[in-house]
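Engineer: Take a look and give me a structure for this.
(4 chains)
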4 protein chains.
Amino acid sequence: MQRPYFKQNPQDPKPLSIIIERRVLFNELDPLNIMWHGNYASFFEQGRIALGQKYGCGYTDFYDHQVLIPLKQFHVDFKSPLKFNDLCIIETFLHYNEAARLDFSFKIYCNNVFTTSGYSVHLMIDKNKNILVIKPDFFEAVCDRWKSGILA
Amino acid sequence: MQRPYFKQNPQDPKPLSIIIERRVLFNELDPLNIMWHGNYASFFEQGRIALGQKYGCGYTDFYDHQVLIPLKQFHVDFKSPLKFNDLCIIETFLHYNEAARLDFSFKIYCNNVFTTSGYSVHLMIDKNKNILVIKPDFFEAVCDRWKSGILA
Amino acid sequence: MQRPYFKQNPQDPKPLSIIIERRVLFNELDPLNIMWHGNYASFFEQGRIALGQKYGCGYTDFYDHQVLIPLKQFHVDFKSPLKFNDLCIIETFLHYNEAARLDFSFKIYCNNVFTTSGYSVHLMIDKNKNILVIKPDFFEAVCDRWKSGILA
Amino acid sequence: MQRPYFKQNPQDPKPLSIIIERRVLFNELDPLNIMWHGNYASFFEQGRIALGQKYGCGYTDFYDHQVLIPLKQFHVDFKSPLKFNDLCIIETFLHYNEAARLDFSFKIYCNNVFTTSGYSVHLMIDKNKNILVIKPDFFEAVCDRWKSGILA
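Structural biologist: Prediction:
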């Protein structure tokens, strides 16, 4: 079994999550007739944005508070390839972190087969490109509701 | 023989042009092992930007004068496909136009074979999204040098 | 008003058509915060493939009969740009042609605004890359049903 | 300092490596005016393919011996973003592994700044999709030359 990408402390609230669907397009295939590996970044990003819209902590929410959330790490583990027109279930998780960073993980399923997993880690920076060490207020408020069990 | 994409009047200066090279990457291929047709937009754009940098009339030059140059038309004629690692010669032309628009045409050659041609037409709009009917001063100056034969 | 992309003779059956929806993804945007123009090729292609699946004349149907349908022409007319998360209506038409070629046209609407149109022309070639001058039997059969009014 | 992505045993030969250059294109940018993170997969792939061509162990070499080398893992660490027209130095390393897998790592530099690193791990599978446990003969021969110090 695969190790979890992020350590969860006992007192941490459970990850926030969302499920979306997406089909593999012809132009996402490579000459081997499977989805080109670089396109998983778009699948994960679509899940990440959907989760942000659902819980009010997307990149536009941060942007509205003068905070950018650039990627620090991106990772994919490939189990089986995706093919043309495959209907994928993309499950996205936001893992709780005390620090001012965002830890996302992703799972893709197709026809009930677990095909792909991965994660992305995002920092928070202000307009002067300084790395934030504490979360912006609006996101602290989201985290408070999260910890109180209202969100999940 | 293919008709010219743009009509040239007798008094118009000859098109400005530039030649660049570019290789076809693996991730630009489709399942038929040829370059996916949508990627020609990137090949043409690379030529267009190189021409703009050479003659001082690129999208950043317009942008510096508060003018955007959105695409109005985009066209490709396919003669023969491009394959992996093909070294392409991209020839880009800017055709003279009295009006406030940019008429580009493109030719791609590979191993001395003419593989692809196309064109793009761009309008000029100001920050309020109004279409310009006269060229901005800096570009009028470029056109003057062009007509006087200094540029080509 | 825009001229039709393809001439329709009085005796020709009406175009086949299909409507699909698609949202603009973050990674389809360019630095001007609008959809990068090369991505329209994917929007049109998705419509074209959906139409082929609906009427049994998609590129896989041709492929099953040892025929490829490479692009000969590709064209886009831009009316207004697409933005992040825009829900687009893509209307795809296959126009009747006596000759062994496929004439597709496309219209994109967003929030009831007509934003984009275009067309693509495809030849039919056999495995030896010879251009077909008559339609393969399976597609002739599709055209017969089309002309008899069963399909549209 | 960053930990090495792959452990090197004392008796292992030094990694094979190659350096290539590549400029960031306009259509690789995102709305934040930096290269969209999914495009690093193409930068790394270009380096990987160049290394394979140099040492005779590219995906086409494997393919000629009925072996595919699908990705098992893909990882990127982002240090600073790439901008339009940045001239990047992509350094690619193939790390020695006794097992039938390929361990690549990548470093990108721009204006003498270390901007990005990452790795990709590839399995070897035969035409029936069985995972190889021993290297194919041609690659074993490459490894022998590698260990004898002829290659690096």
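Engineer: So A:Ser3, which state does it fall into?
Structural biologist: Ser isn't right for residue A:3; it's Arg. Following DSSP: H, G, I helix; E, B strand; the rest coil, A:Arg3 is assigned to coil.
Engineer: what about it, distance to A:Tyr119?
Structural biologist: 11 Å (CB to CB, to the nearest Å). (C-beta placed from N, C-alpha, C; glycine too.)
Engineer: any chance you could map the strands in chain A?
Structural biologist: Using DSSP state E, the strands of chain A run over residues A:16-23, A:67-68, A:71-78, A:87-95, A:101-110, A:113-123, A:125-126.
Engineer: Out of the ones you listed, the one nearest D:His75 is which?
Structural biologist: strand A:71-78 (4.8 Å; CB to CB).
Engineer: how many degrees apart are the closest one and strand D:113-123 in direction?
Structural biologist: Using axes from the mean of the first three to the mean of the last three CA atoms, to 10 degrees, the inter-axis angle of strand A:71-78 relative to strand D:113-123 is 10 degrees.
Engineer: Can you tell me what sits against strand A:71-78?
Structural biologist: A:2, A:5, A:37, A:40-41, A:44, A:101, A:115-123, D:37, D:40, D:70-78 (CB atoms under 8 Å, 6 or more residues apart in numbering or on different chains).
Engineer: same question, stretch A:131-139
Structural biologist: Under the contact criterion CB under 8 Å, 6+ apart, stretch A:131-139 has outside partners A:56-57, A:61-62, A:65, A:67, A:99-100, A:123-126, A:140, A:143.
Engineer: which residue sits closest to A:Ile19, ignoring its sequence neighbours?
Structural biologist: In space, and not counting its chain neighbours, A:Ile19 is closest to A:Glu91: 5.2 Å by CB to CB, 6 or more residues apart in numbering or on different chains.
Engineer: try A:Cys57
Structural biologist: Using CB to CB, 6+ apart, the nearest residue to A:Cys57 is A:Val142, at 5.0 Å.
Engineer: Tell me how far A:Gly149 lies from A:Pro13.
Structural biologist: A:Gly149 sits at a distance of 7 Å from A:Pro13 (criterion: CB to CB).
Engineer: out of these two, which sits in the more crowded spot?
Structural biologist: Remark: of A:Gly149 and A:Pro13, A:Pro13 carries more neighbours, 17 against 9, as counted by other CB atoms under 10 Å in any protein chain shown.
Engineer: What is the neighbour count of A:Leu102?
Structural biologist: As a burial measure, A:Leu102 scores 23 neighbours (other CB under 10 Å).
Engineer: before we move on, the earlier item: top of the contacts of stretch A:131-139 by neighbour count?
Structural biologist: The most crowded member of the contacts of stretch A:131-139, judged by other CB under 10 Å, is A:Cys57 (24 neighbours).
Engineer: Could I get the contacting residues of that residue?
Structural biologist: A:Cys57 sits next to A:Leu51, A:Leu94, A:Leu102, A:Phe139, A:Val142 when contact means CB under 8 Å, 6+ apart.
Engineer: which among those gets closest to D:Ser17?
Structural biologist: Set against D:Ser17, the nearest of the contacts of A:Cys57 by CB to CB is A:Leu102 (33.9 Å).
Engineer: what is the residue nearest to that closest one when sequence neighbours are not counted paired to in the beta sheet?
Structural biologist: Distances taken as CB to CB, 6+ apart place A:His122 nearest to A:Leu102, at 4.1 Å, with adjacent residues excluded. Beta-bridge partners recorded for A:His122 (DSSP bridges): A:Leu71, A:Leu102.
Engineer: Any residues of chain A in contact with chain C? List them.
Structural biologist: Proximity of chain A to chain C is confined to A:Leu25, A:Phe26, A:Asn27, A:Ala41, A:Ser42, A:Glu45, A:Gln46, A:Ile49 under the rule CB under 8 Å from any CB of the partner chain.
Engineer: still on that earlier bit, rebuild the contacts of A:Cys57 as a markdown table, extending it with pLDDT.
Structural biologist: Shown next, in a markdown table, are these (pLDDT from 0 to 100):
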| residue | pLDDT |
| --- | --- |
| A:Leu51 | 98 |
| A:Leu94 | 98 |
| A:Leu102 | 98 |
| A:Phe139 | 98 |
| A:Val142 | 97 |
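Engineer: so which two of the residues you listed are the farthest from each other?
Structural biologist: Taking CB to CB, no two of those sit farther apart than A:Leu51 and A:Phe139, at 13.4 Å.
Engineer: hmm, the longest helix seen in chain A in reach of chain B?
Structural biologist: Counting residues, the longest helix found in chain A (DSSP state H) is helix A:40-55. No. Helix A:40-55 lies out of reach of chain B by CB under 8 Å from any CB, never closer than 12.0 Å.
Engineer: Residues touching that helix, excluding its own?
Structural biologist: Helix A:40-55 is contacted by residues A:16-18, A:20, A:22, A:57-61, A:74, A:76, A:88, A:90-94, A:104, A:106, A:108, A:116, A:118, A:120, A:142, A:146, A:151, C:25-27, D:36-38, D:41, D:74 when judged by CB under 8 Å, 6+ apart.
Engineer: before we move on, the earlier item: for A:Arg3 and A:Tyr119, work out which one has more neighbours and name it.
Structural biologist: A:Tyr119 (20 against 6).
Engineer: quick one: pLDDT of that one?
Structural biologist: At A:Tyr119, the model reports a pLDDT of 98.
Engineer: what does the one 10 residues further on give?
Structural biologist: For A:Lys129, the model assigns a pLDDT of 93.
Engineer: what do you get for the one 4 residues further on?
Structural biologist: The pLDDT attached to A:Val133 in the predicted structure is 96.
Engineer: repeat for the one 3 residues further on
Structural biologist: Predicted confidence (pLDDT) for A:Pro136: 98.
Engineer: Can you pull the residues of chain A lying near chain B?
Structural biologist: A:Phe26, A:Asn27, A:Leu29, A:Asp30, A:Pro31, A:Asn33, A:Trp36, A:Gly38, A:Phe84.
Engineer: that older thread, closest one of the residues of chain A next to chain C to chain B?
Structural biologist: Relative to chain B, the closest of the residues of chain A next to chain C is A:Asn27; by CB to the nearest CB it sits at 5.5 Å.
Engineer: Let me see the contact set for that closest one.
Structural biologist: Contacts of A:Asn27 (CB under 8 Å, 6+ apart): B:Asp30, B:Trp36, B:Gly38, C:Ala41, C:Ser42, C:Glu45.
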